[in-house]
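> structure for this input, please:
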Amino acid sequence: MKSIASRAALAAGLFALPLAGAPLFGQAQPQQRGGPPGQDTPYILVTTFHSNDRQMGVQMGDEFRKRLQSEHSAKELFVITQQNIKNTLEASGYRADSALSASDLMELSKTLRGDQVIDGTINKTGEGVHVDARLLMRSGQATVSQPLPRFDAKDVGDAAKTLDRELTDAQKSLASYKACTNNARAQKYAEAVAEARKGLALYPTSSLNNLCILSVYAQQKAGPDSIIAVASAIRSIDSTSSIALANLADAYAAKHDTANAINTYLAIYRLDPSNTSTVSTIIEMLASSGAPDKAIPIVDTLIAQNPGDVNMLRTKWLLQLRAKQYKGALATGAEMVKADTTRADLDYFQRSIAAAGLDSNSAMQQQLIGQAMQKLGNKTPVDFPLISAQAYYKAGHLQQALAMARRASEIDPKNVAAWQFQLTIQNQMNQPDSAVATAQKAIAAGVPKDTLGASLLGVAGPALKKAQESKTREDWQAALQAAQTVDQIAPSQKSAYFVGVSAFSIAADALQSLQKYQKATSKADKAKGCEELKVVEDNFAIAQAAMPRGGREDPQTAGTILQNITQYSEYLPQFRKAWACK
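Now for the predicted structure:
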């Protein structure tokens, strides 16, 4: 308690020897026997106990102080007087009968030259009172605690008597604790541990001597198992020992015992939720251990304590993403960028768009992509409009899908997927001319021709299928034109095969017409026959040129076509001669 330290010096006589026998709270206090304390005599501070009955807390403090004064000489243990406590508290703006927190007790003790402090609680029970107390001492900048056994008593007087007995037992080990700490400071580690073990022999539940051993082990960088054994012993006596918990957590972490390390850090957090370093460690360990969901309530507590903390919001957002809590992550992310618009960066959009997709929230995904494209402009990753195009395509909105695919190719003109997607959509929309134009733009942009072949076959494929069904020369000619266009733009094995099949089918249809003009005598019929003959010859030539490359698509069909071309070609000169074709 800072005000005690800062204001206490204003009170007269605070740093003189403690005054004995001065009344406080209306009760006369006897002077402690044994004369003035010696130079090495420990001073003990006893103030009002915590209680749900304020008057009982005051009474217990007074009774225990009187009990100590009557049972211990001033040479053995000097009890800081009520008057000095009263003067210091009132000078600091506190009521003289205040029940102080542990930190305030230690500050008051420091002001009054105290060595030991009693931090106690007393409450009524059905048959009397229940007491829970501990002895506090300072070790460097830290406060160490020696819990005293809890007990029930019939009244305050009986409680003071029992507590004095418990304190006296605990103090049997204090000389060993002091010797241990002195040896530890002098780096006489073996001697320090030996002294601490003497203290434990005198008082087996001495948390202080165990703490001294723990500090020696820490300085010597002892193995994790040694640290764990001593720290666990301390925790069995004092579950709130922050020193034991910190060493225990580190030892478990060193052993890669993640489960116990996390549980220990959580215990530290529960004792001091404001410790941001501990919180960060817990969050990191929980996230990396595959249990990020357990860290989220901790972050929620911190956000409640610090509303609008953007860093905590981001931490929660990342944890929710890792825990696959996508709906929550999307809400937290939106809250984060609302609090700080600079957080709406590429990383935010990439993670959030992916989360919306995993949550099957197409509307949110499209909304986020729109926001990203507006915010990032030409720095928008090409994946974003492609994702949007795919979503529109699945929903049957082909025009919107085509627009997004085009936006993708504008962002990255050499992105093959963007162009292929446009061709797919245009084929489905039955826009062959547009598909061809798109393919030509793609090639001009530097897209390899062979990457477009499969998509462009969507232009030739339907035409070929229609011709196979109708078997009309007109449809075969349309199929040939489509196949030749595709083969010219993006030549492939399959496009060549389509060309060969279409051309041969046109020639086969013309061969059938030749039979009608085989015995032609009129000039007009002979001219017609010559036209059909040219159709056959021209398309045989096209098919022969295409099939060596396209034949690998269907070797059997290709072989049959080439064989037929060879066979029928033997008779073509006869027709040419008979009709005198030029």
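> avg pLDDT for the longest helix along the chain?
In terms of residue count, the longest helix belonging to the chain (DSSP state H) is helix 523-550. Averaged across helix 523-550, pLDDT comes to 92.
> with stretch 469-488 instead?
90.
> residues in contact with it?
432, 436, 453, 456-457, 459-460, 463-464, 466-467, 495-496, 498-499, 502-503, 505-506, 509-510, 539, 542, 546 (C-beta atoms under 8 Å, 6 or more residues apart in numbering). All C-beta atoms are positioned from the backbone trio N, CA, C, and that covers glycine.
> I figured K124 hits Q55, correct?
No. Between K124 and Q55 there is no contact under C-beta atoms under 8 Å: 11.2 Å.
> against D158, how distant is the residue of the chain positioned farthest from its centre?
Each residue of the chain has a distance to the centre, and by C-alpha atoms, centre = their mean the biggest one is for T521: 90.7 Å. To D158, T521 is 144 Å away according to C-beta to C-beta, to the nearest Å.
> in helices, which of the contacts of stretch 469-488 fall?
Of the contacts of stretch 469-488, the ones assigned to helices by DSSP H are 432, 436, 453, 456-457, 459-460, 463-464, 466-467, 495-496, 498-499, 502-503, 505-506, 509-510, 539, 542, 546.
> burial measure for the nearest residue to S502 once chain neighbours are set aside, as a count.
Sequence neighbours aside, L480 is the residue nearest to S502 in space, at 3.7 Å (criterion: C-beta to C-beta, 6 or more residues apart in numbering). L480 is flanked by 27 other residues according to other C-beta atoms under 10 Å.
> same deal with the one 5 residues further on?
Neighbours of T485 under the rule other C-beta under 10 Å: 21.
> repeat that for D487.
24.
> check the secondary structure at it for me.
Under DSSP: H, G, I helix; E, B strand; the rest coil, D487 falls in the helix class.
> and for Y94?
Applying three-state DSSP: Y94 is coil.
> quick one, phi/psi of it?
Backbone torsions of Y94, given as degrees, to the nearest 10, read phi -110, psi 150.
> care to break the protein down by domain?
Domain assignment of the chain by automatic domain parsing yields the ranges 2-171, 186-272, 469-582.
> mind putting those into TSV with distance to Q365?
Putting the domains of the chain into TSV (distance: least, C-beta to C-beta, whole Å) gives the following:
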stretch	distance to Q365
domain 2-171	51
domain 186-272	34
domain 469-582	32
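> least confident of those domains, on average?
It's domain 2-171: among the domains of the chain, that one has the lowest mean pLDDT, namely a mean of 84.
> show me how far that one is from its chain's centre.
48 Å (C-alpha atoms, centre = their mean, to the nearest Å).
> the closest residue to T47 other than its chain neighbours and A133, how far apart?
The spatial neighbour of T47 that comes closest, neighbours along the chain excluded (C-beta to C-beta, 6+ apart), is G61 at 5.5 Å. Taking C-beta to C-beta as the measure, G61 falls 11 Å from A133.
> ranges for the strands of this structure?
Assigned strands in the chain, in chain order: 43-46, 78-79, 116-124, 129-139, 142-147, 151-153 (criterion: DSSP state E).
> mind listing the strands the shortest one pairs with, and their directions?
For strand 78-79, sheet partners with direction are given as strand 43-46 (parallel), following DSSP bridges.
> ok, now the fifth one?
Sheet neighbours of strand 142-147, with direction, are listed as strand 129-139 (antiparallel) (DSSP bridges).
> which of the residues in the partner strand are buried?
V129, V131, D132, A133, R134, L135, L136, M137 (16 or more other C-beta atoms under 10 Å).
> residues contacting the first one?
Think V129. Per C-beta under 8 Å, 6+ apart, neighbours of V129: M56, I122, N123, D152, A153, K154, D155, V156, A159.
> what bridges to it?
K124, A153.
> gap between it and P147?
18 Å.
> again, but for I262
For I262, the distance to P147 equals 25 Å [C-beta to C-beta].
> next one: A99
Taking C-beta to C-beta, one finds A99 at 18 Å from P147.
> now do K375
58 Å.
> quick one, which of the two is more surrounded?
It is P147, of K375 and P147, that has more neighbours when counted by other C-beta under 10 Å, with 19 against 16.
> for that one, what are its contacts?
Applying C-beta under 8 Å, 6+ apart, the residues contacting P147 are R134, T205, S207, I237, D238.
> ok, F151 - how many residues close by?
16.
> and if you look at D340?
D340 has 13 nearby residues by other C-beta under 10 Å.
> do the same with T125
10.
> which neighbours do G61 and A133 share?
With C-beta under 8 Å, 6+ apart as the test, G61 and A133 both reach F49, G120.
> on that earlier part again, number of nearby residues for the residue nearest to T47?
By other C-beta under 10 Å, neighbour count at G61 equals 27.
> no further questions, thank you.
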